[in-house]
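Participant: Sequence plus the predicted model coming up.
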Amino acid sequence: MNPQHEGCCAGAADASRRALLTSSLGMAAFAAVGGASWLLPGLAQAAALTREQRDAMTPDQVIAMLREGNERFRAGKMQGHDYLAQKKASAGGQYPAAVILGCIDSRAPTEIILDTGIGETFTGRVAGNIANDDLLGSLEFACAIAGSKLVLVMGHTACGAIKGAIDGAKLGNLTGLLEKIWPAVDATTFNGERSSKNDAFVDAVAATNVRRTVDEIRRRSDVLAGLEKDGKIKIVGSMYHLVGGKVEFYT
């Protein structure tokens with residue numbers, strides 16, 4: 001509904017729907033569309049996730065929620081987030097459903113491309129979406145202490161860190177970071193020019209790097225591997241395609 005082009009009755013209806021979302025009855029009414037979404041597209045999201053809502057979700061339902069958010073982003077039908085209301089609602093506690101390990105690339109802001117609001121996801125970002133000790137500790141905090149149900153590693157196409165690793169770039173502390181990506185370059189099977197100038201090869205290495213990071217998390221974190229083995233969380237990879245905006249999940 002566009003209140004600028006509708007009459008007073010439409011404006012009153014929109015206000016009524018927004019009020020509904022702030023009530024406990026309203027939140028219950030929108031709490032499970034297909035077992036995943038808890039809000040309908042186009043309505044203002046005025047509240048943060050509650051512990052009860054988050055705890056009632058399975059890891060697969062969290063993945064479905066993020067898929068649906070990405071579909072809204074791609075369709076230009078994102079939620080009307082009331083960030084001030086979400087800030088107030090989450091000030092006393094946070095119950096994110098997922099923790100996302102993404103790249104620092106300015107074109108890949110995970111909260112936007114997955115259409116999530118304040119209090120819905122933890123986010124860690126580092127060039128090349130690698131899992132170093134500090135990030136592993138952050139992921140462990142998110143799941144083992146704060147209760148998140150999903151670890152999502154998100155790479156993206158045309159990644160500069162991947163290009164730097166392919167080229168063997170060296171620059172200060174960046175050198176050590178890129179060295180962590182080198183194994184993905186060698187492990188990528190590719191028929192064609194293995195060059196940073198070849199976009200297809202860059203994206204193939206980025207996908208390999210995501211999968212290796214997922215494996216690295218399981219290998220290096222007994223905490224997260226144990227939670228996944230017990231069915232309490234899932235650790236999955238994904239790739240964000242800059243052209244088209246689709247997030248491809250590796251599940």
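Facilitator: Received, thanks. Given the structure is predicted, the values throughout are model-derived calculations rather than measurements. Numbers count the residues shown, from 1 in each chain.
Participant: Helix, strand, or coil at the residue nearest to Ala48 when sequence neighbours are not counted?
Facilitator: Leaving aside its sequence neighbours, Ala48 sits nearest to Gly119 (CB to CB, 6 or more residues apart in numbering; 3.2 Å). Heads up, the C-betas are built off the backbone N, CA and C, glycines and all. Here Gly119 is recorded as coil under DSSP: H, G, I helix; E, B strand; the rest coil.
Participant: how about the helices in the protein?
Facilitator: 8-21, 24-29, 51-55, 59-75, 83-90, 110-113, 133-140, 160-167, 174-179, 182-187, 199-220, 222-229 (DSSP state H).
Participant: Can you pull out the low-pLDDT segments for this structure?
Facilitator: Scanning the chain with the threshold set as pLDDT under 70 gives 1-46.
Participant: re earlier: distance of the residue nearest to Ala48 relative to Asp203?
Facilitator: As judged by CB to CB, to the nearest Å, Gly119 and Asp203 stand 32 Å apart.
Participant: and if you look at Val223?
Facilitator: Distance, Val223 to Asp203, by CB to CB: 31 Å.
Participant: what's the answer for Val62, then?
Facilitator: If you go by CB to CB, the gap between Val62 and Asp203 works out to 26 Å.
Participant: Check Leu227 too.
Facilitator: Leu227 sits 31 Å away from Asp203, going by CB to CB.
Participant: of the helices of the chain, which approaches Ala127 most closely?
Facilitator: helix 160-167 (4.2 Å; CB to CB).
Participant: Who are the packing partners of the closest one?
Facilitator: helix 174-179, helix 182-187, helix 199-220 (3 or more CB pairs under 8 Å, 6 or more residues apart in numbering; DSSP states H and E).
Participant: Turn these into TSV, including mean neighbour count and distance to Val247.
Facilitator: Shown next, in TSV, are the helices and strands packed on helix 160-167 (neighbours: other CB atoms under 10 Å; distance: least, CB to CB, whole Å):
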stretch	mean neighbour count	distance to Val247
helix 174-179	15	24
helix 182-187	16	20
helix 199-220	20	12
